[in-house]
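*Asks:* Starting from these lines, generate the structure:
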Amino acid sequence: MGFGGVALQALLQQEALAGRGRAMDPLLPVAPRIPDFPARAKSVIFLYMVGGPSQMDTFDYKPTLQKLHGQKLPDSIRQSILATKQANVLHGCKDEILGSPYQWKQYGQSGMWVSELFPKVAEQVDQLCFIHSMQADSNNHAPASYQMHTGDIRAGKASLGSWTTYGLGTLNHNLPSYVVLYDAGPLGGAANYGNGFLPAAFQPTRLRDKGVPVLDLMPPEEFATGQRASLDLLQKLNLDHRRDRPGLTELDARVASYELAYRMQSSAMEVGGLEKESPALQRDYGLEHEEERTRNFGRKCLMARRLVERGVRFVQLYDMPDKDGWDAHAKLADNHTPRARWTDQPIAALLKDLKQSGMLDETLVIWASEFGRTPIMQGDGGRNHNAAGFTIWMAGGGVKPGQRIGATDEVGYQAIERPLPVHDLHATILQLLGLNHSSLFFDSNGRQERLTGVAGQAEIIKEVFV
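*Replies:* So this is what the prediction gives:
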């Protein structure tokens, strides 16, 4: 019995040190937790380009694609794809190579190739780590988007932002630990960024980049003086109600949310004060740009920087100003050219700002989408969905900059060098945050749920690390 007690105590200590499996304060469920090992990144800004930007028109230069423009897809590439689970990426297209309409140049000391779509991001290219060999398990928007956010093509799982706050807690008790910024959300809706089976306290808070950051946050003047007393009474009644209902996480979250909303009344208003930034910085982010959509995205990027600066763990920022996003099934240039123009300057300004302020070292910036696009034509000069090989990039937060990881074939269709599943990307992000992806789990319906799936399934992308 003594040896059994020692073993049990050791297991309990392991769980406590990892920050999982321990009791949570119902009034402060996102209290700071001890990471598994020293973290390289404290916060994440995830720039999500909804709809699937084309890799061979943005960051994955393919000179052979230009040479084969108008010709049939080489049979060797076709047969290679047909031999994999990604064979459906060949469907719905003409058998005709579509060259990129954009010019390409090499930039920076790293000599990275970037298309003319992103001239300002290209100036920051030495800060970026490109992964050219991502693969998703679905060629449809919502399932692939769920996977990029939650690790699973099915709705109902917990998002990366929720897992991050569950594992690490908050750095600022006066602001939400997990924030989403968007005009229109991702395809598939709130299931992309929700808390899923995790306690409700780990759901995100949507903040607005224009006007009051949170609607109805401030009480009417006639109720302001008695607000604290009212909240104290409400808290007492809620805790009395909770006493007979242990484990009701929705009630825990509601009690905590009242307190957070009270504390946010000054902090949220302050973080939304973009006009307090210098005029030069506002111009850098595009807040004075002639196009409204550039101004809108610039405000979100500046808001993201102000949030992580104040200790917000995870900011999920969506680029989807309309129903189409980057989903260029026809007339690729008509879709991609304006969308790149609306996002290029704000993203470059964010990277430059974080670097100059010294925050990039501990802020992980990710640029990604649910999948890429095909090198063969669809419809009138468009490209179809392509989950067989696409590009993302990361910067800061302990990432080794100025490098390319993995590669697609000569026309950009399929990942052939270091193909990487989304689970490996998630494992790597958690590692950068100081979390062991295998030990980060939550018991749900008798099953240990993980962001990275079954234990031992995912691997760290070692090349990413400095």
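
*Asks:* For the stretch 151-300 of the chain, which segments count as helices?
*Replies:* Secondary structure of the stretch 151-300 of the chain (DSSP state H, counting those that start in this stretch): helices at 160-168, 221-224, 227-243, 249-271, 279-284, 292-309.

*Asks:* buried stuff in the first one?
*Replies:* Think helix 160-168. Going by neighbour count (16 or more other CB atoms under 10 Å), the buried part of helix 160-168 is 160-168. (Glycine included, C-beta is placed from N, CA and C.)

*Asks:* Same check on the last one?
*Replies:* For helix 292-309, a neighbour-count test (16+ other CB under 10 Å) marks 293-309 as buried.

*Asks:* same deal with the third one?
*Replies:* Within helix 227-243, the residues that qualify as buried by neighbour count (16+ other CB under 10 Å) are 238, 242.

*Asks:* tell me the angle of the host helix or strand of H336 relative to helix 292-309?
*Replies:* Following DSSP states H and E, one finds H336 within helix 332-357. In terms of direction (axes from the mean of the first three to the mean of the last three CA atoms, to 10 degrees), helix 332-357 departs from helix 292-309 by 30 degrees.

*Asks:* from the chain's centre, how far out does helix 332-357 sit?
*Replies:* Put simply, helix 332-357 sits 16 Å off its chain's centre (CA atoms, centre = their mean, to the nearest Å).

*Asks:* I'd like the next helix or strand past it.
*Replies:* Next along the chain after helix 332-357, taking DSSP H and E as the criterion, comes strand 363-368.

*Asks:* returning to what we had before: quick one, the helix holding H336 and strand 363-368 angle?
*Replies:* Angle of helix 332-357 versus strand 363-368, following the same axes, to 10 degrees, is 170 degrees.

*Asks:* which intervals of this protein have sub-threshold pLDDT?
*Replies:* Residue ranges of the chain with pLDDT under 70: 1-27, 212-228, 230-231, 247-250, 252-269.

*Asks:* what's the span of stretch 400-419 from first residue to last?
*Replies:* Start and end residues of stretch 400-419 are separated by 19 Å (CA to CA, to the nearest Å).

*Asks:* what comes up buried for it?
*Replies:* Here stretch 400-419 shows 401, 404-416, 419 as buried, counting by 16+ other CB under 10 Å.

*Asks:* Return the set of buried residues in stretch 92-111.
*Replies:* 93, 97-100, 102, 104, 107-108, 110.

*Asks:* Mind listing residues that contact it?
*Replies:* Applying CB atoms under 8 Å, 6 or more residues apart in numbering, the contact partners of stretch 92-111 are 54, 56-57, 61-62, 65-66, 68-73, 112-117, 122-123, 125-126, 332-333, 374-378, 381, 383-384, 401-403, 411.

*Asks:* quick one: which of these sit in strands?
*Replies:* Using DSSP state E, the members of the contacts of stretch 92-111 that fall within strands are 112-115, 374-378, 383-384, 403.

*Asks:* and of those residues, the nearest to R341?
*Replies:* Nearest to R341 out of those is S115 (CB to CB; 12.5 Å).

*Asks:* residue contacts, that closest one?
*Replies:* The contact partners of S115, by CB under 8 Å, 6+ apart, come to 57-59, 61, 100, 102-104.

*Asks:* hmm, try it at 7 Å
*Replies:* Counting by CB atoms under 7 Å, 6 or more residues apart in numbering, S115 touches 57-58, 100, 102, 104.

*Asks:* Okay, and the beta partners of it?
*Replies:* S115 has these beta-bridge partners by DSSP bridges: W104.

*Asks:* looking at it, V180 is touching R208, isn't it?
*Replies:* No - using CB atoms under 7 Å, V180 makes no contact with R208, being 10.6 Å away.

*Asks:* partners of the helix or strand hosting H132 in the sheet?
*Replies:* If you go by DSSP H and E, H132 is part of strand 128-135. The strands beside strand 128-135 in its sheet (DSSP bridges) come out as strand 390-395 (antiparallel), strand 403-405 (parallel), strand 420-421 (parallel).

*Asks:* what's the helix or strand that comes right after the shortest one in contact with?
*Replies:* Following the chain from strand 420-421 toward its C-terminal end, the next helix or strand by DSSP H and E is helix 422-432. Helix 422-432 is touched from outside by 40-41, 134, 136, 147-148, 151, 160, 364, 397-398, 437, 440, 451-453, 457-461, 464, with contacts defined as CB under 7 Å, 6+ apart.

*Asks:* Also stretch 287-305?
*Replies:* For stretch 287-305, contacts defined as CB under 7 Å, 6+ apart pick out 45, 181, 183, 207, 209-210, 274, 277, 282, 285-286, 315, 317, 319, 321, 341-343, 345-347, 349-350, 353-354.

*Asks:* Only whichever of those are buried, select them in ChimeraX.
*Replies:* Selection of buried members from the contacts of stretch 287-305 for ChimeraX, criterion 16+ other CB under 10 Å:
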select :45,181,183,207,209,274,277,282,285,286,315,317,319,321,341,342,343,345,346,347,349,350,353,354
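
*Asks:* for the residue nearest to F118 when sequence neighbours are not counted, what are its contacts?
*Replies:* Using CB to CB, 6 or more residues apart in numbering and skipping residues adjacent in sequence, the residue nearest F118 is D344, 5.0 Å away. If you count contacts by CB under 7 Å, 6+ apart, D344 has them with 118-121.

*Asks:* Who wins on neighbours among the residues you listed?
*Replies:* Neighbour counts for the contacts of D344 (other CB atoms under 10 Å) peak at V121, which has 26 neighbours.

*Asks:* Now do the contacts for the closest residue to it other than its chain neighbours.
*Replies:* In this structure, V121 finds its nearest non-sequential neighbour in A348, 4.9 Å apart by CB to CB, 6+ apart. Counting by CB under 7 Å, 6+ apart, A348 makes contact with 120-121, 123-124.

*Asks:* cool, and E123?
*Replies:* Counting by CB under 7 Å, 6+ apart, E123 makes contact with 107, 348.

*Asks:* and what of the one 3 residues further on?
*Replies:* With contacts taken as CB under 7 Å, 6+ apart, D126 has the following neighbours: 108-110, 401-402.

*Asks:* same thing but 8 Å
*Replies:* 108-110, 112, 401-402.

*Asks:* Which of these sits closest to P176?
*Replies:* P401 (29.5 Å).

*Asks:* Give me the distance between the closest one and L360.
*Replies:* 9 Å (CB to CB, to the nearest Å).
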